[in-house]
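> Quick one, fold the following:
(one chain, ligands or ions: 1)
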Amino acid sequence: ELRLHQRYGHIPGPKGLPFIGNVHQINRLQPWISLADWAKEYGPLIKVNVFGHVLIICNTFESVKEMLDTKGKDFGGRERGFRSTMVTKASGFLRMDMQDPHWRLSRRLLHSSIKAFGPGLSRIEHYAQQMSEEFIQSFKKCNSVAVDPLSTIFDTTLGMISLMIYGRKLDHDSEIFQSIKSLTNLTNESFHVGKDGMQLDRFPWMRFFGNHTYKILKIAQMHSIKVQKWYKNEIAPLEDEELDDSLGKPFMKVLRDYNSTCSPEERIPDKDVMGNGIQVTFAGVLSTATTLYHLILTLLHHPDKQKKMVQEIDEVIGSRLPKLDDRSRLPYVNAVLHEIMRYGSGSPLTLTHRSVVDTDILGTKIPKDSQIAANLYLVHYDKKVFGDPEVFRPERYLDENGESLQAEHEVWKHTIPFGMGPRICAGMMFAQFRLFLWVCILYQRFDIVADPNHPLPPCDIKNLDVNGISLMSKSYKAKFLSKE
Ligand code: HEM
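The predicted structure is shown next:
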């Protein structure tokens with residue numbers, strides 16, 4: 001307690017109880033709401049104590065920018081709690097400090113893997129075609145019956161990521177696909193704020209006393225070993241021409257090719273190669289799938305916005321497949337995509353960073369080795385910038401002629417769903433490509449309508465649930481009526 005007081009006594013925050021700190025005061029179903037209330041009371045920088053672990057949170061654009069961007073290097077470390085160590089042995093670049101040379105290298109190799117499918121027009125069309133086929137097949141089957149689209153969205157998103165990482169199109173019923181899926185879901189669940197995972201990070205010995213998260217992590221670990229074995233025995237030995245390169249060169253292949261040409265001291269250790277694959281799957285599936293799921297629900301609540309978006313898609317694209325360079329001709333679709341990421345703020349907090357030196361934010365001292373995160377939700381809900389942040393209004397990104405506002409406009413600057421600075425989301429470009437193509441194809445092919453027999457849950461952020469590291473809307477059903 002004395003040590004914590006010496007390090008963090010000068011940072012404001014709610015007063016907690018001995019031993020557990022503020023745990024009992026955090027709304028476990030909507031932790032970002034408790035944080036917002038405390039931000040109102042204590043200001044731009046607050047501290048929260050979770051079982052003796054202090055987490056500092058930046059609540060305003062200025063403090064977030066300083067933490068993530070201007071002083072991004074000072075805050076470029078990551079925490080390594082028991083949970084993250086258990087599944088991937090803390091390897092992989094999501095968990096590495098920025099100062100680790102393999103962090104920059106792994107990010108660069110991921111980008112070169114993603115870029116391989118970026119500029120090639122034929123690849124993109126192929127990619128769009130594959131996506132649309134999966135959706136069309138799945139939704140056409142239940143034409144006039146209302147369905148919950150979550151599993152189709154999740155499986156398609158996971159299938160695409162697996163293809164991009166491993167170079168294999170996996171049958172959704174196959175054992176390995178199910179293992180990758182369980183590994184992703186269970187790892188996510190272990191980070192649920194409402195469950196007992198936080199205690200495990202602080203007191204790893206709790207695993208001997210029936211800790212539920214530990215049980216989940218044991219199963220996740222089993223799936224992780226299965227995936228690693230599958231990769232080692234069935235994928236790694238394959239020649240280039242035996243891999244599916246329809247999404248460009250698979251990330252794992254890019255990593256291995258690098259290793260086979262560099263000097264031994266520059267090699268990325270095998271555990272990090274595998275950790276990178278598993279972590280990018282995890283990071284790439286959940287946020288994208290939950291964003292798409294929330295977008296469909298939100299548009300069902302706003303049929304006028306849906307109609308406007310569909311009209312633009314029909315006018316500009318018609319019935320051909322969408323291409324990435326259509327984006328500049330579809331300002332309304334772009335505005336809808338940015339607005340859903342602001343309005344839903346699927347990742348309300350960034351991942352936790354660690355200060356690697358003694359530093360400060362807006363003049364407040366932050367000691368070396370502090371845990372710190374940025375509250376993106378509060379940036380997205382700043383009334384001074386957005387006026388009516390609780391309203392879903394894509395028009396806020398458009399001028400009076402319906403064209404996109406200039407890039408320097410305040411609303412763009414304050415829309416940061418992927419974070420900012422050196423540790424900005426490594427898959428941002430991939431996520432944006434995918435969301436754009438997917439939305440165009442889906443609304444081009446289907447009339448998505450509500451069913452009076454299945455009332456929709458609300459879509460505002462106060463009614464979203466925590467789903468591990470991201471937010472997700474409650475389940476709903478809708479009709480996907482084929483236009484063909
Ligand atoms: C709507 C979709 C997505 C959203 C909203 C999102 C958001 C974020 C956020 C907020 C962070 C944390 C940044 C920080 O800690 O400061 C992050 C990190 C990351 N994301 Fe994403 N993400 C999305 C999709 C993806 C996809 C598709 C991939 C992979 C292809 C991906 C890979 C990563 C990785 C690897 C990191 C860790 C980067 C690092 O530690 O250096 N994300 N993402």
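
> For the closest residue to Asn188 other than its chain neighbours, list the residues it contacts.
Excluding the flanking residues, the one nearest Asn188 by C-beta to C-beta, 6 or more residues apart in numbering is Gly468, at 3.2 Å. To be clear about C-beta, it is placed using only N, CA and C from the backbone, and glycine gets the same treatment. Shown in contact with Gly468 (C-beta atoms under 8 Å, 6 or more residues apart in numbering): 187-192, 286.

> rerun at 6 Å
Contact criterion C-beta atoms under 6 Å, 6 or more residues apart in numbering gives 188-189, 191-192 as the residues in contact with Gly468.

> Export these as a markdown table, with columns for secondary structure.
Shown next, in a markdown table, are the contacts of Gly468 (DSSP: H, G, I helix; E, B strand; the rest coil):
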| residue | secondary structure |
| --- | --- |
| Asn188 | helix |
| Glu189 | helix |
| Phe191 | coil |
| His192 | coil |
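
> if we can go back for a sec, could you check the pLDDT of the residue nearest to Asn188?
For Gly468, the pLDDT comes out at 75.

> again, but for Leu247
pLDDT, Leu247: 67.

> ok so, going back, who wins for neighbours among the contacts of Gly468?
In terms of neighbours by other C-beta atoms under 10 Å, the contacts of Gly468 top out with Phe191 at 21 neighbours.

> Please work out how many residues are found near the residue nearest to Val23 when sequence neighbours are not counted.
Leaving aside its sequence neighbours, Val23 sits nearest to Val50 (C-beta to C-beta, 6+ apart; 5.8 Å). Val50 has 19 neighbours, counted by other C-beta under 10 Å.

> now do Trp205
9.

> One more: Phe251?
Phe251: 27 neighbours (other C-beta under 10 Å).

> is it true that it touches Ser113?
Yes. Using C-beta atoms under 6 Å, Phe251 is in contact with Ser113, at 4.3 Å.

> returning to that earlier point: could you check how far the residue nearest to Asn188 is from the ligand?
13 Å (C-beta to the nearest ligand atom, to the nearest Å).

> next one: Gly427
Going from Gly427 to the ligand by C-beta to the nearest ligand atom gives 2 Å.

> nearest spatial neighbour of that residue, skipping sequence neighbours?
Once flanking residues are discounted, Gly427 sits nearest to Gly284: 5.1 Å by C-beta to C-beta, 6+ apart.

> Over to Thr290?
Met472 (4.5 Å).

> tell me the helices in the stretch 51-200 of the chain, going along the chain?
61-65, 82-88, 101-115, 121-140, 150-166, 175-190, 197-202 (DSSP state H, counting those that start in this stretch).

> Next: the stretch 301-450 of the chain.
Per DSSP H, counting those that start in this stretch, the stretch 301-450 of the chain carries helices over the ranges 303-316, 331-344, 376-380, 383-386, 410-413, 428-445.

> The residue nearest to Gly427 reaches Ala426, doesn't it?
No. Counting by C-beta under 6 Å, Gly284 stays clear of Ala426, with 9.1 Å between them.

> tell me which parts of the stretch 51-200 of the chain are close to the ligand?
Applying C-beta under 6 Å from any ligand atom, we find that the stretch 51-200 of the chain lies next to the ligand at 68, 93-94, 107.

> Rebuild these as JSON lines, extending it with neighbour count and pLDDT.
Compiled in JSON lines, those are given as follows (neighbours: other C-beta atoms under 10 Å; pLDDT from 0 to 100):
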{"residue": "Leu68", "neighbour count": "25", "pLDDT": "98"}
{"residue": "Phe93", "neighbour count": "25", "pLDDT": "82"}
{"residue": "Leu94", "neighbour count": "22", "pLDDT": "82"}
{"residue": "Arg107", "neighbour count": "19", "pLDDT": "90"}
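
> Which members of these define the maximum pairwise distance?
The span of those, defined through C-beta to C-beta, is set by Leu68 and Phe93 at 16.8 Å.

> ok so, going back, distance of the residue nearest to Gly427 from Thr152?
17 Å (C-beta to C-beta, to the nearest Å).

> So between these two, which is more surrounded?
Neighbour totals were compared for Gly284 and Thr152, and Gly284 leads with 25 against 22 (other C-beta under 10 Å).

> Mind checking if the helix or strand harbouring the more buried one is in reach of the ligand?
Element membership of Gly284, judged by DSSP states H and E, is helix 270-301. Yes. Helix 270-301 lies within reach of the ligand by C-beta under 6 Å from any ligand atom, at 280, 283-284, 287-288, 291.

> ok, of the helices of the stretch 51-200 of the chain, where does mean pLDDT dip lowest?
Looking over the helices of the stretch 51-200 of the chain, mean pLDDT reaches its minimum on helix 121-140, with a mean of 68.

> okay, now the closest residue to Leu4 other than its chain neighbours: neighbour count?
Nearest non-adjacent residue to Leu4, counting by C-beta to C-beta, 6+ apart: Val54, 6.1 Å away. Val54 sits with 19 neighbouring residues when counted by other C-beta under 10 Å.

> Quick one, grab the pLDDT at the residue nearest to Pro417 when sequence neighbours are not counted.
Excluding the flanking residues, the one nearest Pro417 by C-beta to C-beta, 6+ apart is Met341, at 3.8 Å. We have a pLDDT of 98 for Met341.

> can you count the residues close to Met341?
The number of residues near Met341, taken as other C-beta under 10 Å, comes to 24.

> For the closest residue to Glu339 other than its chain neighbours, give its distance to Lys383.
Of all residues not flanking Glu339 in the chain, Pro394 sits nearest, at 4.3 Å (C-beta to C-beta, 6+ apart). Plainly put, Pro394 is 18 Å away from Lys383 if you go by C-beta to C-beta.
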